[in-house]
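**Q** Any chance you could fold what I've pasted below:
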Amino acid sequence: MVSPVALATGDDDFVKEIRPLIDSDLETVAVKHTIRLQTAELLHPEECRRLIRAAAKRAIERLASFKPTRPGRPTTVDITYKNPDLADIA
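**A** Next comes the predicted model:
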């Protein structure tokens, strides 16, 4: 059984990248904003919880409108690292 994606949370770049991959107008919450490679502006944990709860509530209220997303086959995932050291760690 394939379930729809209704809510996604992460940094602002993740939120921008996930939207075109999902076949529905999912709820998203950006809990941190990238400044540079190793620098970000984080929201306070209480604010994150408040935003995620509100988005989850909206997602549940619209649950019937979400459709399962099935990636095309074959699926290719490209991972690009801005720093070679991060690629070595992975």
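**Q** in the protein, which spans are strands?
**A** 7-11, 27-36, 39-42 (DSSP state E).
**Q** Y81: which of the ones you listed is closest?
**A** strand 27-36 (14.6 Å; CB to CB). All C-beta spots, glycine's among them, are computed from the backbone N, C-alpha and C.
**Q** First-to-last residue distance for stretch 70-82?
**A** In stretch 70-82, first residue to last residue: 29 Å (CA to CA, to the nearest Å).
**Q** now this protein, which segments are flagged as low pLDDT?
**A** 1, 23 (pLDDT under 70).
**Q** helices or strands up against the longest helix that the chain contains?
**A** Using DSSP state H to define each element, the chain has its longest helix at helix 45-61. Where contact means 3 or more CB pairs under 8 Å, 6 or more residues apart in numbering; DSSP states H and E, helix 45-61 is packed against strand 7-11, strand 27-36.
**Q** Redo the ones you listed as CSV? Include distance to R49 and mean neighbour count.
**A** Formatted as CSV, the helices and strands packed on helix 45-61 follow (distance: least, CB to CB, whole Å; neighbours: other CB atoms under 10 Å):
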stretch, distance to R49, mean neighbour count
strand 7-11, 11, 17
strand 27-36, 10, 16
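**Q** between these, which gets nearest to R70?
**A** Of those, nearest to R70 by CB to CB is strand 7-11, at 16.9 Å.
**Q** Using CSV, list the CA coordinates for that closest one.
**A** Provided in CSV are the C-alpha atoms of strand 7-11 (Å, rounded to 0.1, in the frame of the first residue of the first chain):
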residue,chain,number,x,y,z
LEU,A,7,3.5,16.9,5.7
ALA,A,8,7.2,17.6,5.3
THR,A,9,9.4,19.5,7.7
GLY,A,10,13.1,20.4,7.4
ASP,A,11,15.3,23.3,6.4
